[in-house]
Each structure stands twice: as structure tokens, then as C-alpha cells.
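Engineer: coords please:
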Amino acid sequence: MAAASALVLEGAAAPGGRKPGAPQAQTQTKRRAVKRVLPGFHLALGYTVFYLSLIVLIPLAALILKTFEMSWAEFWDAATTPRALAAYRLSFGAALLAALFNLVFGLLLAWVLVRYTFPGKKIVDALVDLPFALPTAVAGIALAAILAGNGWIGQFFEPLGIQLAFNPTGVVIALIFVGLPFVVRTVQPVLQDAERELEEAAQCLGATRWQIFWRVILPTIIPALMTGFAMAFARGVGEFGSVIFIAGNIPMVSEIVPLVIIGRLEAFDYQGAVALASVMLLFSFVMLLAINALQGWQRSRSGGGL
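Structural biologist: All right, here's what the predicted structure looks like:
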């Protein structure tokens with residue numbers, strides 16, 4: 001009887017009349033349920049690795065192996081021809097100028113969308129994503145038609161001796177168009193999450209608007225700005241569809257690296273094409289590492305990595 005009374009008292013002492021071992025059993029059941037949220041994990045992982053290898057890893061490995069078939073002298077000669085060097089200068093230089101332009105005006109556009117309310121704001125916000133949805137070839141044709149000497153905009157600059165299309169200037173404009181959303185969409189959420197209390201405190205302490213921007217707002221959004229800049233720059237270097245219709249594609253003047261690669265493939269110069277592609281692949285890896293590092297820095301500054 002004493003033992004039975006002790007068992008009854010223990011059951012009564014447990015919350016809700018449950019046995020003391022019940023919470024542990026429920027916890028184990030929950031853990032098993034969490035592990036089974038994604039059924040067939042091994043099958044899904046195997047399919048993912050297979051798909052990634054088929055689409056990305058195998059082609060890249062084939063390119064690298066093809067590169068090692070050439071000697072260093074052959075590779076260097078193919079990758080550093082005058083035509084290739086001119087294409088490097090245009091591709092990287094135009095992408096850099098476009099990314100710098102987007103760095104400034106993308107910040108201004110993100111600031112307006114976050115801090116102000118005006119008629120048609122939702123339309124402007126939606127138009128920012130237009131380069132993402134619009135096929136690049138369509139964008140290139142549209143820009144060429146508008147900026148040509150007889151276009152809607154080009155006709156006003158043609159009498160002044162300024163040509164906006166079919167030259168390196170057209171390449172920069174096309175890269176500005178495709179790269180602007182990267183800066184806006186990277187900076188916009190950071191501005192939305194910024195603490196207005198810090199700005200109000202700085203204003204109460206007598207800081208001017210420029211001092212508030214430079215010392216309070218800018219340090220907060222610098223990681224996002226750098227990430228957007230790097231993404232716009234990387235997109236500009238590898239852009240093809242929107243550029244070939246507005247560049248003019250003049251060798252040594254307005255010819256980008258992807259177009260040189262296609263020209264060498266059409267001429268059956270596979271070694272030359274592989275050499276240029278390897279250079280662009282190496283740069284792509286460098287930019288990927290830089291973007292990941294900047295995104296990690298942004299998360300650490302915003303507290304997301306805690």
C-alpha cells in the first residue's frame with residue numbers, strides 16, 4: 001500500500017497528472033518528427049549533386065582540362081593577343097564605369113523608394129525589376145533603337161556630335177541598365193531596417209543632414225553598397241545579349257570578350273576560345289569569392305550572423 005501511495009503521489013506531483021518521463025518521450029518524438037520533415041533526404045541530396053555536376057561541374061571541369069592541354073606559352077599567346085586585350089579593357093572598364101554609376105544612382109533610387117511617398121511609387125518600384133524579367137536581347141534592341149542617331153533620345157545628341165550607340169558609350173549604357181537593380185535591391189532592405197532613432201538622436205545633438213548621412217546612415221549601408229557594386233560589376237563583365245546590339249562590335253574598339261570567344265569558335269580556333277574562357281572563368285571565381293565575403297560582412301554588421 002505504501003508503494004502504491006508513493007506512485008499516486010508522484011503521478012499527482014507531475015504537471016497535469018503526467019508521469020515525469022512523459023516530457024522526455026515527447027521531446028524525442030518531436031526530434032524524430034523534425035528529422036523527417038524532408039523525406040528521402042539521401043535521394044534528394046544525390047539528385048541535387050547529380051544535377052549540379054551535370055549542369056555546372058562537368059562543363060567547368062571540361063574547360064579546365066582543355067586548358068591544361070595547352071602549354072603555358074600557347075595559353076599566354078592566345079589570351080594576350082591585341083584583340084583580346086582590347087576586349088578585356090572594354091569589358092572590365094565598361095563594367096566598372098557602369099557599376100560606379102549604379103553605386104551612386106542606385107543608392108539615390110533606393111533612398112527615394114524607402115524614405116518618400118509619391119504617386120506612382122509602386123510602379124517605379126516594379127520597374128526596377130524590369131531588367132531581371134526582360135530578355136537581354138530585347139533590352140539591347142530597345143536601347144539601340146532609342147539611342148541611335150535617329151532614335152527618340154539619340155536624335156538630340158547627334159547634332160552635338162555625341163553618339164550614344166554603336167560605340168563603347170552604348171556598352172556602358174547597356175550595362176547600367178542591366179546592373180541597376182542589383183544595387184537598388186541590395187540597399188533597399190537595409191535602409192528599411194535602419195534605426196530611425198539614431199538619426200533622431202544625432203539631429204537632437206545638433207548634427208546637420210550631411211553629418212547624419214555620412215556618420216550615421218552611410219556606415220550602416222556600406223556593406224550592402226559594396227555587395228550591390230560587386231554584383232553589378234560581375235553581371236556587367238559577363239553580359240552579352242544586351243551589349244552586342246548596341247556596341248557596334250568593331251574589333252579593337254567596341255568588341256567585348258564574349259563576342260571574341262564566339263568569333264574564335266566560329267573560326268575553329270578552339271584553343272584561343274578556351275584560353276579566353278579560362279580567363280573569364282578565373283575572374284568569375286574571384287568575383288564569387290568577393291561577393292560571398294561582402295555578403296558575410298553585411299550579415300555580421302546587421303547582426304544576422306549572431
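Engineer: poorly predicted segments of the stretch 1-150 of the chain, please.
Structural biologist: Where the stretch 1-150 of the chain drops to pLDDT under 70, the residues are 1-39.
Engineer: the helices in it, which residues?
Structural biologist: 2-13, 22-35, 41-52, 58-68, 72-79, 82-115, 121-127, 130-133, 136-147 (DSSP state H, counting those that start in this stretch).
Engineer: and the fifth one, C-alpha only, in PDB?
Structural biologist: What that stands for is helix 72-79. Provided in PDB are the C-alpha atoms of helix 72-79 (Å, rounded to 0.1, in the frame of the first residue of the first chain):
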ATOM      1  CA  TRP A  72      51.900  28.000 -70.900                       C
ATOM      2  CA  ALA A  73      53.300  29.800 -73.900                       C
ATOM      3  CA  GLU A  74      50.400  28.800 -76.100                       C
ATOM      4  CA  PHE A  75      47.900  29.800 -73.500                       C
ATOM      5  CA  TRP A  76      49.600  33.200 -72.900                       C
ATOM      6  CA  ASP A  77      49.800  33.900 -76.600                       C
ATOM      7  CA  ALA A  78      46.100  33.100 -77.100                       C
ATOM      8  CA  ALA A  79      44.900  35.100 -74.100                       C
END
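Engineer: follow-up on the earlier one: for the helices of the stretch 1-150 of the chain, could you give me JSON lines that also reports mean neighbour count?
Structural biologist: (C-beta placed from N, C-alpha, C; glycine too.) Shown next, in JSON lines, are the helices of the stretch 1-150 of the chain (neighbours: other CB atoms under 10 Å):
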{"stretch": "helix 2-13", "mean neighbour count": "9"}
{"stretch": "helix 22-35", "mean neighbour count": "10"}
{"stretch": "helix 41-52", "mean neighbour count": "10"}
{"stretch": "helix 58-68", "mean neighbour count": "13"}
{"stretch": "helix 72-79", "mean neighbour count": "14"}
{"stretch": "helix 82-115", "mean neighbour count": "18"}
{"stretch": "helix 121-127", "mean neighbour count": "11"}
{"stretch": "helix 130-133", "mean neighbour count": "12"}
{"stretch": "helix 136-147", "mean neighbour count": "18"}
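Engineer: residue contacts, F75?
Structural biologist: Neighbour list for F75: 67, 275, 278 [criterion: CB atoms under 8 Å, 6 or more residues apart in numbering].
Engineer: average pLDDT across stretch 250-270?
Structural biologist: The average pLDDT within stretch 250-270 is 90.
Engineer: please identify the buried residues of it?
Structural biologist: Residues 254-261, 263-264 are the ones in stretch 250-270 that count as buried (16 or more other CB atoms under 10 Å).
Engineer: please apply the same query to stretch 181-194.
Structural biologist: Within stretch 181-194, judged by 16+ other CB under 10 Å, the buried ones are 181-188, 190-191, 194.
Engineer: and what of stretch 143-163?
Structural biologist: For stretch 143-163, using 16+ other CB under 10 Å, the buried residues are 143-148, 151, 154, 157-158, 163.
Engineer: which of those sit farthest apart?
Structural biologist: In terms of CB to CB, the buried residues of stretch 143-163 reach their longest pairwise distance at L143 and E158, which sit 15.6 Å apart.
Engineer: of the buried residues of stretch 250-270, closest to L100?
Structural biologist: Of those, the one sitting nearest to L100 (CB to CB) turns out to be I256, at 18.2 Å.
Engineer: ok, and the closest non-adjacent residue to that closest one?
Structural biologist: Leaving out its chain neighbours, the residue that sits closest to I256 by CB to CB, 6 or more residues apart in numbering is S91, at 4.8 Å.
Engineer: got it, and A224?
Structural biologist: Closest to A224 by CB to CB, 6+ apart is V190, at 4.3 Å.
Engineer: check which helix or strand covers the one you found.
Structural biologist: Using DSSP states H and E, V190 sits in helix 168-193.
Engineer: what about that helix, distance to the chain center?
Structural biologist: 10 Å (CA atoms, centre = their mean, to the nearest Å).
Engineer: packing partners of that helix?
Structural biologist: helix 82-115, helix 130-133, helix 136-147, helix 218-238, helix 241-247, helix 270-302 (3 or more CB pairs under 8 Å, 6 or more residues apart in numbering; DSSP states H and E).
Engineer: tell me how far the last one is from the chain's mean position?
Structural biologist: Centroid separation for helix 270-302 versus its chain: 11 Å, with CA atoms, centre = their mean.
Engineer: tell me the angle of that helix relative to helix 58-68?
Structural biologist: 130 degrees (axes from the mean of the first three to the mean of the last three CA atoms, to 10 degrees).
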